[in-house]
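>>> Need a 3D model of the sequence below.
(chains A and B)
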2 protein chains.
Amino acid sequence: MLRIALAQIDPTVGDLTGNRDKIEKYIAKARARGVALIVFPELALTGYPPEDLLLKGHFIEDNKKALDSIVQRVKGITAVIGFVDGVPGKAIFNAAAVIRDGKTVYVYHKRALPNYSVFDEKRYFTPGAGEKVRILKSGDIPFAVNICEDIWDENGPYKAQARAGAKLILNLSASPFNAGKVGERLKLLRERAVSTGSCIAYVNIVGGQDELVFDGASVILDQRGRILASGKQFEEDLVVHDLDNDPLKRLKRYVPGHKTYSGKEEVYRALILGTRDYVRKNGFKKVVLGLSGGIDSALTAAIAEEALGKENVIGVSMPSGYTSKGTKNDAYELACNLGIKFYEIPIEKLFREYTGMFAKVIGAKRVNIVDQNIQARIRGNILMALSNQYGWLVLTTGNKSEVAVGYCTLYGDMAGGFGIIKDLFKTMVYEVSELVNELAGKDIIPVSIIKRPPTAELKHGQRDTDSLPPYDILDPVLKAYIEDDKSISRIASGKDSRNTARKIINMVDRSEYKRRQGPPGIRITPKAFGKDRRLPITNLYRN
Amino acid sequence: MLRIALAQIDPTVGDLTGNRDKIEKYIAKARARGVALIVFPELALTGYPPEDLLLKGHFIEDNKKALDSIVQRVKGITAVIGFVDGVPGKAIFNAAAVIRDGKTVYVYHKRALPNYSVFDEKRYFTPGAGEKVRILKSGDIPFAVNICEDIWDENGPYKAQARAGAKLILNLSASPFNAGKVGERLKLLRERAVSTGSCIAYVNIVGGQDELVFDGASVILDQRGRILASGKQFEEDLVVHDLDNDPLKRLKRYVPGHKTYSGKEEVYRALILGTRDYVRKNGFKKVVLGLSGGIDSALTAAIAEEALGKENVIGVSMPSGYTSKGTKNDAYELACNLGIKFYEIPIEKLFREYTGMFAKVIGAKRVNIVDQNIQARIRGNILMALSNQYGWLVLTTGNKSEVAVGYCTLYGDMAGGFGIIKDLFKTMVYEVSELVNELAGKDIIPVSIIKRPPTAELKHGQRDTDSLPPYDILDPVLKAYIEDDKSISRIASGKDSRNTARKIINMVDRSEYKRRQGPPGIRITPKAFGKDRRLPITNLYRN
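You can find the predicted model right below:
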């Protein structure tokens, strides 16, 4: 019998001292529960991904010192900890140390280095040499260690490790969440368990880091791929499990595993964690956002309230002459429902001051967009003034559909430090909004907000559909173009729908410069507008 | 004898049709001059770097079709052209096609794929297999082909190619400029020529692409590393040279080579090219910028004028109650000297309108920064309104020192599409400004602008040194921290200077979120704030 623990922790990138303390706390907790082997996630000590901190030699040295200080205190337990090994300037490795009785008894170097999507590991790391397989023992169980991509890679080291006798394979991961990922991951791990005939203990990091969310959901599988134990999704957790020398002997002890979320609820939980961690880890307490009475700001406020508490969210209504009574009331009602602080700051006087000036400078032949954008920018200015005064983080409220086609004002509604729903298509914004009400058992987000046809209210009678196709046509084209990299001819057939697709794609490509200056936001899809999508601004290809 | 041509062209990323036409035009020109072998730069057909366009299968196919259409028309000349080869979804290659008489007779695949600094080539490309060496012939001269990093790599294919008999090595490059790079490059190429005993024909791309500038300066070296012919720096060029079967026989024909620039003049030329190409390739004609009467906006305006012509630059002075007569006059005088269009739009009324509102909302206990930032943001709003109305590109005027420590206002003076001097430390801003006057033979930039102690003029009597160390102390610390990745203890010795360094570094790290939303700008140093510096926003490491 082996008592194993998966330490599913939420470290902060660069916080070597804090992360060290957290690791030591978890080790102490596990030891108190009689655990023999505790496993931490990939790069638990530095946080993931440390990006160009890895180019600083002294950062690598400091991370090793932090590990050394842990090593000295490890007694009566085996700990496996993700850290950075190697010699700065020569070769550094994404590594796992196996620590026992005040000594590092083994260091594993990650072999498969992902360099696609959000990953840049080949920018930093040298892959581990693949020749030797090392089998260790804890209790009577022979085990081996590998790291994240190593188990996704078809030719990963898990094969040789199992062949060499490992009955238990530890995989230390930092696997970025996207909707549906947990199922994909479990499917893969099951295949690996079955094909190797080994138990797999998979420990994933949890928490938000800039645009990424890591969802935890660590899991122990037996050699038939059945769940023996699992960690919570979207929370820190310490999963303790007694592993039999031959788990198959004791079929009756299987557990159904912790609940993992799916569909819109999974998205909702990811947004809450991503928001909470971005705010907290960056030293903010409170957030402020503009409440227009529309659905985007309503959902953003609801998530912020859930993540941070109502006392930490400030909503500001900034009506102009184009703001209808309905939306103004809705903004207020939403704030009441959420119990958040609410300001109303009309912008009409400032707007007239600007338009008066524009009339002098530009004249009467002004294009519409000048007077529309200035409203958004006045609002941005006001929110930033509140941020400057009180240290509140400004949340933007743009969704993925808007951000994709550039239906938003740079330095206006795009002004802010974090965009919670930046990777949600408008259609998903509705779904999650309805979920918020469902979960609350009441209409936190007023039904009138959900029912009203989307409008920016920057001129009289404006509707989103004046400038854009309806969202149920727009969103599938955007997904096909952005997430699936499809060409126009594969997105649409027929002349009309091709023309529509061409128009949409043109808008997407021509808005690249706006997105480049937009705030970070939480990645929910397999391809968000972050490190996973790197397109030039200067680019004449339109397909 | 072999008449060879280096086609040092400036393609546009994604413009497959335009690039194809440009390549055909150069081939025709060379053929008319009796050239037997013409060589184009790395990825000449797609532009460099195409980034995530390479993830689109149809982009790869379209680039191959464009190549095919060139192939069919190549008669009576051998052309070597950089393009993307391979099968999308399986493996694609950074490739060079050797084309002759309507046929592609050979395709080379780049072996050394850079994945550091601004480069992400391992994200996209599979390295070429290294086993086989192919020697081709043109005239009587046996030659071989490789691509960019291949010749920088100590174990690059040039060794085997020379051993296999290549007397001439063609290197197709897209080598991003930074100050001093041309000398570094020549030194390397000389070493390669001497060590292999082969002539080297190095053809570099030229032009600006988002943050990168490529400076051309293509060169043909004999087997002793002496320059036989060379291309202009920072301009398109067609270098035609008659290569002797044994160049060493004819020592007298060596040319000194085209002038390459160095020091501040090299920086100046790079800024002009980077500006011109960003504006032109993105379809803009005119640019607008705020003229404060300070040196940053003065230099930005002078470079824009040189790059685009005086009729395409609009300067806007936006004085407030804190603007001194001196700076106001200087702004006007600068515009007169440059001959650019000049507007004066006072912001005092708008400023009072905002502060009146802040007095109501926030009250009298306002922190200084609220009233300072709003001035910068009003100015940003005005410039953006002019941009919206007339389609002018807004230039920002922030320098590297400011951008590094966050001494700038997000959505204020940071509002704009392109930052010409974003990678120039303040000390370099002075140097290049003095050069502008030197080259003009008169004080285009008024001496009073150069002489005045730097001030943001957002409150009475303000000076940069109220908030920052003097620039001659600040800039070296910034360089050591940002470009050289040094730790505090290696940057400064002694308690006081360490405290200063610590303060500066803290400012740099805490401004990461601002830079993330700043505009792109021209890379001049080996490490700018672009793709070459990827630091997390959420990051607690301070060293």
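
>>> Tell me, how many residues neighbour A:Val133?
Residues lying near A:Val133 (other C-beta atoms under 10 Å in any protein chain shown) number 15. Backbone N, C-alpha and C define where each C-beta goes, glycine included.

>>> list the contacts for it?
A:Ala144, A:Pro157, A:Ala160, A:Gln161, A:Arg163, A:Ala164 (C-beta atoms under 8 Å, 6 or more residues apart in numbering or on different chains).

>>> And it, how far from A:Ile81?
A:Val133 sits 20 Å away from A:Ile81, going by C-beta to C-beta, to the nearest Å.

>>> Tell me the pLDDT of A:Asp246.
Per-residue pLDDT puts A:Asp246 at 74.

>>> What count of nearby residues applies to it?
The tally of other residues near A:Asp246 (other C-beta under 10 Å) stands at 12.

>>> same question, A:Asp244
16.

>>> ok, of the contacts of A:Val133, which come out buried?
By neighbour count, with 16 or more other C-beta atoms under 10 Å in any protein chain shown, the contacts of A:Val133 hold A:Ala144, A:Pro157, A:Ala160, A:Gln161 as buried.

>>> Tell me which two of those residues sit farthest apart.
A:Ala144 and A:Ala160 (8.7 Å; C-beta to C-beta).

>>> Does chain B have contacts with stretch A:80-91?
No. Stretch A:80-91 lies out of reach of chain B by C-beta under 8 Å from any C-beta of the partner chain, never closer than 9.4 Å.

>>> Using PDB, write out the CA atom coordinates for that stretch.
The C-alpha coordinates for stretch A:80-91 follow below in PDB (Å, rounded to 0.1, in the frame of the first residue of the first chain):
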ATOM      1  CA  VAL A  80       8.200  15.400  -6.400                       C
ATOM      2  CA  ILE A  81       8.400  19.100  -7.300                       C
ATOM      3  CA  GLY A  82       8.500  20.900 -10.600                       C
ATOM      4  CA  PHE A  83      11.300  23.500 -10.900                       C
ATOM      5  CA  VAL A  84      13.900  24.800 -13.400                       C
ATOM      6  CA  ASP A  85      17.200  22.800 -13.500                       C
ATOM      7  CA  GLY A  86      20.400  23.400 -15.500                       C
ATOM      8  CA  VAL A  87      23.000  26.100 -16.100                       C
ATOM      9  CA  PRO A  88      21.800  29.500 -17.300                       C
ATOM     10  CA  GLY A  89      23.400  30.500 -20.600                       C
ATOM     11  CA  LYS A  90      24.100  26.800 -21.400                       C
ATOM     12  CA  ALA A  91      21.100  24.700 -21.000                       C
END
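
>>> Could you list the buried residues of that stretch?
A:Val80, A:Ile81, A:Gly82, A:Phe83, A:Val84, A:Asp85, A:Gly86, A:Pro88.

>>> Out of those, which is nearest to A:Gly197?
Using C-beta to C-beta, A:Val80 comes nearest to A:Gly197 of the buried residues of stretch A:80-91, at 21.4 Å.

>>> strands paired with the helix or strand harbouring the closest one, and their directions?
Using DSSP states H and E, A:Val80 sits in strand A:78-87. Applying DSSP bridges to the sheet, strand A:78-87 is found paired with strand A:37-39 (parallel), strand A:91-100 (antiparallel).

>>> from the chain's centre, how far out does it sit?
In terms of C-alpha atoms, centre = their mean, to the nearest Å, the centre of strand A:78-87 is set 25 Å apart from its chain centre.

>>> Need the winner for burial among the strands paired with strand A:78-87.
strand A:37-39 (a mean of 28; mean count of other C-beta atoms under 10 Å in any protein chain shown).

>>> which residues touch the next helix or strand after that one?
Using DSSP H and E, the helix or strand that follows strand A:37-39 in sequence is helix A:57-73. Applying C-beta under 8 Å, 6+ apart, the external contacts of helix A:57-73 come out as A:14, A:16-17, A:19-20, A:23-24, A:27, A:45-46, A:50, A:53-54, A:79, A:81, A:83-86, A:88-89, A:92, A:97, A:99, A:102-104, B:485, B:487, B:490, B:541, B:543.

>>> could you list every residue that touches the nearest residue to A:Pro176 once chain neighbours are set aside?
Nearest residue to A:Pro176 in three dimensions, chain neighbours excluded: A:Leu212, at 4.7 Å (C-beta to C-beta, 6 or more residues apart in numbering or on different chains). Counting by C-beta under 8 Å, 6+ apart, A:Leu212 makes contact with A:Pro49, A:Val118, A:Pro176, A:Phe177, A:Gly274, A:Arg523.

>>> Might you list the low-confidence residue ranges for chain A?
A:247-257 (pLDDT under 70).

>>> and the lengthiest helix in it, anywhere near chain B?
Using DSSP state H to define each element, chain A has its longest helix at helix A:368-390. Yes. Helix A:368-390 is in contact with chain B by C-beta under 8 Å from any C-beta, via A:369-370, A:373-374, A:377-378, A:380-382, A:384-386, A:388-389.

>>> I'd like the distance from that helix to the chain centre, please.
Centroid displacement of helix A:368-390 relative to its chain, using C-alpha atoms, centre = their mean, is 28 Å.

>>> In the stretch 301-450 of chain A, mark out all the helices, start to finish.
Shown for the stretch 301-450 of chain A, the helices assigned by DSSP state H, counting those that start in this stretch span residues A:325-338, A:348-361, A:368-390, A:400-405, A:426-440, A:447-451.

>>> buried ones in the first one?
Residues of helix A:325-338 classed as buried under the neighbour-count rule (16+ other C-beta under 10 Å) are A:Thr327, A:Lys328, A:Asp330, A:Ala331, A:Tyr332, A:Glu333, A:Leu334, A:Ala335, A:Asn337, A:Leu338.

>>> Contacts only, for the fifth one.
Contact partners of A:Tyr332, counting by C-beta under 8 Å, 6+ apart, are A:Ser317, A:Phe342, A:Glu344.

>>> Of those residues, just the buried ones, PyMOL syntax please.
In PyMOL, a selection of the buried entries from the contacts of A:Tyr332 looks like this (16+ other C-beta under 10 Å):
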select buried, chain A and resi 317+342
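
>>> of the contacts of A:Tyr332, closest to A:His258?
Nearest to A:His258 among those: A:Phe342, at 37.3 Å, using C-beta to C-beta.

>>> do you know how far that closest one is from B:Arg366?
Distance, A:Phe342 to B:Arg366, using C-beta to C-beta: 21 Å.

>>> try A:His58
Distance, A:His58 to B:Arg366, using C-beta to C-beta: 40 Å.

>>> Who are the contact partners of A:Leu172?
So A:Leu172 contacts A:39-42, A:44, A:80, A:82, A:96, A:145-148, A:203 (C-beta under 8 Å, 6+ apart).

>>> Need the max-distance pair from the residues you listed.
A:Ala44 and A:Asn146 (15.1 Å).

>>> more crowded one of the two?
A:Ala44 (28 against 25).

>>> thought the more buried one was touching A:Pro11?
Yes. Counting by C-beta atoms under 8 Å, A:Ala44 does reach A:Pro11; the two are 5.6 Å apart.

>>> Quickly list what's touching both of these two.
Counting by C-beta under 8 Å, 6+ apart, the residues touching both A:Ala44 and A:Pro11 are A:Asn19, A:Ile205.
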